[in-house]
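everything below, folded, please.
(chains A and B)
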Amino acid sequence: AQSVSQHNHHVILSEAASLELGCNYSYGGTVNLFWYVQYPGQHLQLLLKYFSGDPLVKGIKGFEAEFIKSKFSFNLRKPSVQWSDTAEYFCAVNAPFVNSGYSTLTFGKGTMLLVSP
Amino acid sequence: DGGITQSPKYLFRKEGQNVTLSCEQNLNHDAMYWYRQDPGQGLRLIYYSQIVNDFQKGDIAEGYSVSREKKESFPLTVTSAQKNPTAFYLCASSRVDSYEQYFGPGTRLTVT
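You can find the predicted model right below:
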């Protein structure tokens, strides 16, 4: 079965610090990769996605992620975090179901980021 | 505004009772999904549906049931057979040809 690992469950940073959240997946085939964010009291929303092409993808609010196929990784980065980035971040990968032909997302367990002002 | 609505936001039930969580979308998406979110566990797929009158079990379907009688609606029933029903439940939808899912605001279910 496919799985997604997020390296850190909790990260605490000061404003203006750089951020990198790790994400590794276990699937050898073609993948689509996502980072979702859940701000306190808000809907889960898409931060960025990778389907194909340039492995460095840019998302909303200054976030970016790099797909490194050889490392099965899709780490999320931001050069300078703000207090408003406090949220829970989820990495997800599409997981093709061979038997049914359907394709669903498998999520990591999430990383809670707390940015102190 | 297009989007996904889930009601109610908070739901309280006594142990042994079945409870149905509502999910409606007006995005004209064919696919709909139910997830359960527990602290430190991420999102785990309960059921999903690609078309009306068809649905598939996800990773943790035991103790849950769904129906998909209309494209816009995908209600989830948490039955008394679900051993740990207290959780945050998220509904999502997507186009069939896209892996990008759009999420509702969630329903927090507490069973005592």
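
excluding chain neighbours, what is closest to residue B:54?
Counting by Cβ to Cβ, 6 or more residues apart in numbering or on different chains, residue B:68 is the residue found nearest to residue B:54 once chain neighbours are left out, at 6.7 Å. In short, each C-beta sits where N, CA and C put it, glycine included.

ditto for residue B:58
In space, residue B:58 is closest to residue B:45, 3.2 Å off (Cβ to Cβ, 6+ apart).

partner strands of the helix or strand of chain A with the lowest mean pLDDT and their direction?
Taking mean pLDDT, DSSP states H and E as the measure, the helix or strand of chain A with the lowest value is strand A:103-107, at a mean of 85. Strand A:103-107 has these partner strands in its sheet, going by DSSP bridges: strand A:87-96 (antiparallel).

output the strand it pairs with as CSV, restricted to C-alpha atoms.
What follows is strand A:87-96 as a C-alpha-only set of coordinates in CSV (Å, rounded to 0.1, in the frame of the first residue of the first chain):
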residue,chain,number,x,y,z
ALA,A,87,-1.4,26.0,10.5
GLU,A,88,-1.3,22.3,10.0
TYR,A,89,0.3,21.2,6.7
PHE,A,90,-0.5,17.9,5.0
CYS,A,91,1.4,16.2,2.2
ALA,A,92,-0.6,14.0,-0.1
VAL,A,93,0.0,11.7,-3.1
ASN,A,94,-2.4,10.2,-5.5
ALA,A,95,-2.7,6.5,-5.0
PRO,A,96,-4.0,4.6,-8.1
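
re the thing from before, what is the burial count for the residue nearest to residue B:58?
Residue neighbour count, defined by other Cβ atoms under 10 Å in any protein chain shown, stands at 21 for residue B:45.

where does the chain dip in pLDDT?
Using chain A here. Segments of chain A classed as low confidence (criterion: pLDDT under 70) are A:1, A:95-103.

meant chain B, my bad for not saying
When residues are selected by pLDDT under 70, those of chain B lie in B:1.

still on that earlier bit, going by secondary structure, the residue nearest to residue B:58 is in what exactly?
With the criterion set as DSSP states H and E, the secondary-structure element containing residue B:45 is strand B:42-51.

for that strand, buried residues please.
Judged by neighbour count using 16 or more other Cβ atoms under 10 Å in any protein chain shown, the buried positions of strand B:42-51 are B:42-50.

now render those as CSV, adding distance to residue B:85.
Conversion of the buried residues of strand B:42-51 to CSV gives the following (distance: Cβ to Cβ, whole Å):
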residue, distance to residue B:85
B:42, 18
B:43, 16
B:44, 13
B:45, 16
B:46, 11
B:47, 15
B:48, 19
B:49, 21
B:50, 26
